[in-house]
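Chemist: 3D, please:
(chains A and B)
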Amino acid sequence: MRFSRAYIPTSKEIPNDAVLQSHILLTRAGYIKGVASGLYNFLPLGKKSLDKIRTIVKEELDHSGCQEVDLSFVTPAELWEESGRIAKFGKELLRFRDRKEALFVLGPTHEEMMVALVRHQLNSYKQLPQNLYQIKTKFRDEARPRFGLMRGREFVMKDGYSFHENENDMKREFYLMQETYKKIFNRLGLDFRVVEADSGAIGGSGSREFMVIANSGEDTLAICNSCDYGANIETAKRQPHRNQNNHDELNVEVEMDFAKFKTPNIKTIEELSKFFHISDWFIAKAVVKKAIYENSSKIAIFFVRGGDEVEEKKAINSINALELIDPTPEELLNVGLIAGFIGLLNLPKNPNIIKVIDLELQNAKPIITGANELDYHYIGVSLEELPEKTHFADLIRVKEGDICPICNKGSLIYKRGIEVGHIFQLGTKYSEPLGATFLDRDGKSQPMVMGTYGIGVSRLLSAIVEQSHDQNGIIMPLAIAPYKINILISNIKNSDELNFGEKLYSDLIAKNIEVILDDRNERFGFKIRDAELIGFPYTIIIGKGLINSKVELLNRKNNIKEEINSELILNKVLELVE
RNA sequence: CGGGGCGUAGCUCAGUAUGGUAGAGUACUUGGUUUGGGACCAAGGUGCCGGAGGUUCGAGCCCUCUCACCCCGACCA
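Modeler: Sure, this is the predicted structure:
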């Protein structure tokens, strides 16, 4: 391609609606152009890089035995009613009616369509397993699109679905996909982490997210600085505090007899800790929320150790609520709770109160806890012998510095991550309602066991730029650069430079190298800045040195210019792009 | 969906307190000079001032409604 003929609208100006570096740079460098909220046009450069990502994804998946399909983008709403997700997805599903007034949706993900595709064809265990995927535009009418390609409404996703005769085989495929995904993200040159994740609305049991490490990421991760444990903060675990070697002060035996203690106006954990001269670890903190269910709501009390915070996602999952909101003071009073003195014992008998206790409080003693009575706390409480049956669950939000639950050596640190892949062990969540069954080895009809695997393909382009840029622009990895080589003729009025550049250009084309020739009638500075902005991995500068048979090779990655004999440049380039 | 902001030239933005002929930079066209880090000189074109209604002799500016876009939050397979 000749730069003089290419449609590459670059700009010095920062687009006024962009915040994220990747969004700014991709726009300024002429890869993408915003159309409307969450919608983007891909210009020639963007299209080329996107296609390269797509190709890498496809190559690795095909290599692992997956098969590409292409399902219709517009899908009948009936399917979504069958699976029950039309309500669950809500307004994110873009719905419309055709000329016959039939209701359709634009596919935001394709579990329903894929199950519908196979349910009548896969009838026997002999035909399983199958792993089908597509790389396709999806549409989700996001409440708040943002960050350019990172959270668009229209985006390209690879979505894969596997079908198995049993749980074990599904797990085998799950781990195969995990390894395949690692290969893909490694080929894309990303610094990423595989983390344990919440399965969210798609459901299923185990799930792993693939997170590109970047400060601009929307998710918080807790990762171990010693082993490879990592988890989304929503699900991250730790060694129980007492087992952590950095909390020696907790490993003391504390004598405390059971008693009811007057604690006038002592309400907060901090005040209690001071009042009793004791670590907040011995105090049970009550976090009260209003739990919202589909048709009802309850008051939920979550108990954790004084120094711990409740992780909302874990709390929601522990009681299967849709969401948690803060209760009003009246709502607390209505169920007989006294803020500041809520405790484990003597809770008001009210069916609208749910109590969940963090696992780290299991069998704990002695504990200080509110007496559910104004100005009183109990001390010396033992959770070894609770009067009624209690619900324990992991509720705490891990902190930086907590000890890793896996290696028990390293400590956890927070990182921000961009979710670029998510794999789920789905089970029969969709096969059952949609009637995707097969006859097993005993001739019995069974729902297929499914896995589902996603990669945010267009988001990857953003993630790559987030991780690979400097003040001057994008540093495009060789694997996805729209052109690997940029030949920059410093001054096209100089016929020696021009001729040399043209010759090198046609030589490289003959060798099938993806090359662009910057033959624009512009000054050197203008062209080199474009080259840096766009991020060509290598730019060959043909300029002043040519009289002495020298050209320069600029490596975008390390910004080093190397002088090279003009006779040798062709071979040098061939080496580089091998 | 709650809170905030913004909309004026292709792009970035001034002009709005106090209503009176529509602005700058950049980009673009032409000519010349220049040619290794976004050059310089000269000349030139550029607007339904987001839309609708209203107030006024007169509205980019004031009032009402509306639409779009962005930010924080909620939400996000």
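
Chemist: contacts and neighbour counts: CA atoms only from here.
Modeler: Fine.

Chemist: nearest residue to the residue nearest in space to the middle of chain A other than its sequence neighbours?
Modeler: Chain A has A:Glu419 as the residue nearest its centroid, 1.7 Å off, counting by C-alpha atoms, centre = their mean. Among residues not flanking A:Glu419 along the chain, A:Met211 sits closest, at 4.7 Å (C-alpha to C-alpha, 6 or more residues apart in numbering).

Chemist: what does the host helix or strand of the one you found contact?
Modeler: A:Met211 is part of strand A:207-213 when elements are defined by DSSP states H and E. Strand A:207-213 is contacted from outside by A:190-199, A:232, A:415-425, A:463, A:467, using C-alpha atoms under 8 Å, 6 or more residues apart in numbering.

Chemist: quick one: the residue nearest to the centre of chain A and A:Thr220 touch, right?
Modeler: No - A:Glu419 is beyond contact range of A:Thr220, at 10.3 Å (criterion: C-alpha atoms under 8 Å).

Chemist: may I have the strands that pair with the biggest strand by length in chain A, each with its orientation?
Modeler: Longest strand in chain A by number of residues (criterion: DSSP state E): strand A:412-427. Strand A:412-427 has these partner strands in its sheet, going by DSSP bridges: strand A:207-213 (antiparallel), strand A:219-224 (antiparallel), strand A:449-456 (antiparallel).

Chemist: if I look at A:Glu165, how far off is A:Gln134?
Modeler: A:Glu165 is 22 Å from A:Gln134, where distance means C-alpha to C-alpha, to the nearest Å.

Chemist: what of A:Gly230?
Modeler: 28 Å.

Chemist: repeat that for A:Arg85.
Modeler: Relative to A:Gln134, and taking C-alpha to C-alpha, A:Arg85 is found at 21 Å.

Chemist: then A:Glu311?
Modeler: 35 Å.

Chemist: so where's the stretch 251-400 of chain A uncertain?
Modeler: Scanning the stretch 251-400 of chain A for pLDDT under 70 picks out the ranges A:251-254, A:387.

Chemist: tell me which parts of it are close to RNA strand B?
Modeler: Applying C-alpha under 7 Å from any atom of the strand, we find that the stretch 251-400 of chain A lies next to RNA strand B at A:Glu323.

Chemist: quick check: the gap between the residue in the stretch 251-400 of chain A that RNA strand B sits nearest to and A:Ile299.
Modeler: Per C-alpha to the nearest atom of the strand, A:Glu323 is where the stretch 251-400 of chain A lies closest to RNA strand B, at 5.9 Å. Computed with C-alpha to C-alpha, the distance linking A:Glu323 and A:Ile299 is 12 Å.

Chemist: tell me which of those two has more neighbours.
Modeler: A:Ile299 (24 against 18; other C-alpha atoms under 10 Å).

Chemist: isn't that one up against A:Val356?
Modeler: No - counting by C-alpha under 8 Å, A:Ile299 sits too far from A:Val356 to count as a contact (11.1 Å).

Chemist: if we can go back for a sec, among the contacts of strand A:207-213, name the buried ones.
Modeler: A:190, A:192-199, A:232, A:415-425, A:463, A:467 (16 or more other C-alpha atoms under 10 Å).

Chemist: about what we covered before: just want to know which of A:Glu165 and A:Gln134 has more residues nearby.
Modeler: Neighbour count, other C-alpha under 10 Å: between A:Glu165 and A:Gln134, A:Glu165 has more, with 24 against 21.

Chemist: the more buried one touches A:Leu128, doesn't it?
Modeler: Yes - contact criterion C-alpha under 8 Å: A:Glu165 and A:Leu128 qualify, at 6.5 Å.

Chemist: quick one, the helix or strand harbouring A:Glu466 and strand A:449-456 angle?
Modeler: In the assignment (DSSP H and E), A:Glu466 maps to helix A:457-467. Using axes from the mean of the first three to the mean of the last three C-alpha atoms, to 10 degrees, the direction of helix A:457-467 lies 50 degrees away from that of strand A:449-456.

Chemist: is helix A:457-467 in proximity to RNA strand B?
Modeler: No - figure legend: helix A:457-467 not in contact with RNA strand B (C-alpha under 7 Å from any atom of the strand); closest approach 8.7 Å.

Chemist: put the alpha carbons of that helix into CSV.
Modeler: The C-alpha trace of helix A:457-467 is given here as CSV (Å, rounded to 0.1, in the frame of the first residue of the first chain):
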residue,chain,number,x,y,z
VAL,A,457,-12.3,-9.9,19.9
SER,A,458,-12.8,-6.2,19.3
ARG,A,459,-12.1,-5.5,22.9
LEU,A,460,-8.8,-7.2,22.4
LEU,A,461,-7.7,-4.5,20.0
SER,A,462,-8.2,-2.0,22.7
ALA,A,463,-6.6,-4.1,25.4
ILE,A,464,-3.5,-4.6,23.3
VAL,A,465,-3.2,-0.8,22.8
GLU,A,466,-3.8,-0.2,26.5
GLN,A,467,-0.9,-2.4,27.2
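
Chemist: before we move on, the earlier item: I'd like the average pLDDT over the longest strand of chain A.
Modeler: Average pLDDT, strand A:412-427: 93.

Chemist: with adjacent residues omitted, what lies nearest to A:Glu294?
Modeler: Nearest one to A:Glu294, counting by C-alpha to C-alpha, 6+ apart, is A:Leu322 at 7.0 Å.

Chemist: oh, I was asking about A:Pro366
Modeler: Counting by C-alpha to C-alpha, 6+ apart, the residue nearest A:Pro366 is A:Gly380, at 4.5 Å.

Chemist: counting neighbours, what do you get for the one you found?
Modeler: A:Gly380: 18 neighbours (other C-alpha under 10 Å).

Chemist: show me what contacts it?
Modeler: Per C-alpha under 8 Å, 6+ apart, neighbours of A:Gly380: A:255-259, A:365-368.

Chemist: A:His120 reaches A:Gly435, doesn't it?
Modeler: No - with contact defined as C-alpha under 8 Å, A:His120 and A:Gly435 do not form a contacting pair (9.0 Å).

Chemist: higher neighbour count, these two?
Modeler: Neighbours per residue (other C-alpha under 10 Å) separate A:His120 from A:Gly435, with A:Gly435 holding more: 18 against 12.

Chemist: OK, contacts around that one?
Modeler: A:119, A:447.

Chemist: can you list phi and psi of it for me?
Modeler: phi 70, psi 40 (degrees, to the nearest 10).

Chemist: count of residues packed around the nearest residue to A:Ala364 once chain neighbours are set aside?
Modeler: Counting by C-alpha to C-alpha, 6+ apart, A:Ala364 lies nearest to A:Leu383, which is 5.2 Å off, once chain neighbours are set aside. Counted with other C-alpha under 10 Å, the neighbours of A:Leu383 add up to 15.

Chemist: and A:Pro351, by the same measure?
Modeler: Neighbour tally, A:Pro351, other C-alpha under 10 Å: 9.
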